[in-house]
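Trainee: give me the fold of what follows.
(one chain, ligands or ions: 1)
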Amino acid sequence: MEKKIMLGEKQIPTHYYNLAADLPFSLDPPLNPATKQPMGPDELAAIFPMNLIEQEVTQEKEIEIPEPVREAYLMYRPTPLIRATRLEKALGTPAKIFYKYEGVSPTGSHKPNTAIAQAYYNKIAGTKKLVTETGAGQWGSALAFASHVFGLDCTVYMVKVSYHQKPYRKTIMHLYGAEIYASPSDRTEAGRKILQEDPDCPGSLGIAISEAVEEALQDEKTKYSLGSVLNHVLLHQTIIGQEAKRQLEAIGEYPDVIIGCHGGGSNFAGLAFPFLRDKINGKDIDVIAVEPKSCPTLTEGKLEYDFGDTAGMTPLMKMYTLGHDFIPPSIHAGGLRYHGAAPLVSAVLEHGLIRAMALDQLEIFEGAVLFSQTEGIIPAPESSHAVQAAILEAKKAKEEGKEKTIVFNLSGHGLLDLSAYEAYMNNELTRNGR
Ligand SMILES: *Cc1c(COP(=O)(O)O)cnc(C)c1O
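Mentor: Prediction:
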């Protein structure tokens, strides 16, 4: 039996896979926030470089990965696909459980997959500085790292409550040479306005996005970078699913169930989209996006046009949303606290190609502890949503007496989230907030 399925360096995918080109329906375009008219590529050029805007709207099915990007991926890719044999045994399930482990990246999650690509495309487009927001710090760390790899400056607006609660993520960003500001800050109009109304505002992702976008608009050589939600971000992440497919092929397996946790949709899409390509062509696969019950965008949100940020500066996107002014409770899975969802993930959910599931904070930590004790890896609280969903599916397979193959994405490790584990073990956590 194969436990750890590795690929050789030469087997890093050569192309990104664009699901949009294979969908049997068309997507609704982003709208200009002021005019509410469909937005053309030129209108996005103030905040993004043109080469990434092209990827945002392309109908090409396969997009070649540039050599310098593939070379940077070699630092940690291909990532392993691991069979969770000890977890299977603990559950007594007839199901086979595999996880794709993205926590082996330098910053500990899947986020460098797009950070590296975005830094490269910005570099060749003439960008000097990237500016972004970060919640728990995973995205800021990844972009700070990637910016350094390609010689760009990097400024990160970090949600104030995390800025004070997650000092180690701040250290990582500093180490890679980024500038970090607690958001809301007094550096932008959006930040000053909020501070005037509420000097003690703890911040939110939506506010930090407003600040980062505002800074990008001030200077032509400064561009904004987003770590999830957008089509080009999901596109870059499809290397995860392509690798997983090859790894399963190598041992003669094919998944019945695919699972990913969902914040803005990028790691879920990264694993799922290359398999959705098969589903569109007739394969029978159950594809599940898992979100927190306290931020139930896919399971309880409305499918409508909404802003990506609080101040209403981003384009309007057609997506499942809880409303751009929704401020989710401070659960420990900071990376899943976003009011919206990727338009592409929203569309495949609307059309029944995937389904969504919501889990609460106590359930996911229960799964995370069992996973840590059996497989040894301590999962990020975000990834633990996928872990627990895989456990539930494996238990269902046991009840039904079915030999299913379940594949989930372990989007990151939790070694910088130990205070959350400590709180869980001390019974200090609640189901839907801290
Ligand atoms: C950011 C993050 C997520 C959520 O973002 P998606 O775009 O939905 O993937 C999930 N897991 C980890 C480890 C993260 O850092």
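Trainee: in three-state terms, label the closest residue to residue 173 other than its chain neighbours for me.
Mentor: What sits nearest to residue 173 in space, not counting adjacent residues and going by CB to CB, 6 or more residues apart in numbering, is residue 144, at 4.3 Å. Backbone N, C-alpha and C define where each C-beta goes, glycine included. Put simply, residue 144 is helix when judged by DSSP: H, G, I helix; E, B strand; the rest coil.
Trainee: show me what contacts residue 144?
Mentor: Taking CB atoms under 8 Å, 6 or more residues apart in numbering, we find residue 144 in contact with 154, 156, 172-173, 176-178.
Trainee: how about a cut-off of 10 Å?
Mentor: Neighbouring residues of residue 144 by CB atoms under 10 Å, 6 or more residues apart in numbering: 107, 115, 119, 130, 132, 134, 137, 152, 154-156, 169, 172-180.
Trainee: over to residue 97?
Mentor: Per CB under 10 Å, 6+ apart, neighbours of residue 97: 82-85, 87-88, 91, 257, 259, 371, 375, 387, 390-391, 393-394, 397, 404-408.
Trainee: that one is in what secondary structure piece?
Mentor: Using DSSP states H and E, residue 97 falls within strand 96-101.
Trainee: which of the contacts of residue 144 fall within helices?
Mentor: Counted as lying in helices by DSSP state H, out of these, are 115, 119, 169, 172-175.
Trainee: so which of those residues wins on neighbours?
Mentor: Within the ones in helices among the contacts of residue 144, residue 115 tops the neighbour count with 32 neighbours, counted by other CB atoms under 10 Å.
Trainee: pretty sure residue 7 sits against residue 80.
Mentor: Yes. With contacts counted by CB atoms under 10 Å, residue 7 reaches residue 80, the gap being 8.6 Å.
Trainee: overlap in contacts of the two?
Mentor: Common neighbours of residue 7 and residue 80 are listed as 243, 247 (criterion: CB under 10 Å, 6+ apart).
Trainee: follow-up on the earlier one: what about the strand holding residue 97 and the ligand, any contact?
Mentor: No. Contact of strand 96-101 with the ligand (CB under 6 Å from any ligand atom) is absent, the minimum separation being 11.2 Å.
Trainee: off-centre distance for that strand?
Mentor: Here strand 96-101 shows a centroid-to-chain-centroid distance of 18 Å under the convention CA atoms, centre = their mean, to the nearest Å.
Trainee: then it to PDB, C-alphas only?
Mentor: C-alpha atoms of strand 96-101 as PDB (Å, rounded to 0.1, in the frame of the first residue of the first chain):
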ATOM      1  CA  LYS A  96      -9.500   5.500   1.800                       C
ATOM      2  CA  ILE A  97      -8.600   9.000   2.900                       C
ATOM      3  CA  PHE A  98      -5.900  11.000   1.100                       C
ATOM      4  CA  TYR A  99      -4.700  14.600   1.800                       C
ATOM      5  CA  LYS A 100      -2.800  16.900  -0.400                       C
ATOM      6  CA  TYR A 101      -0.400  18.700   2.000                       C
END
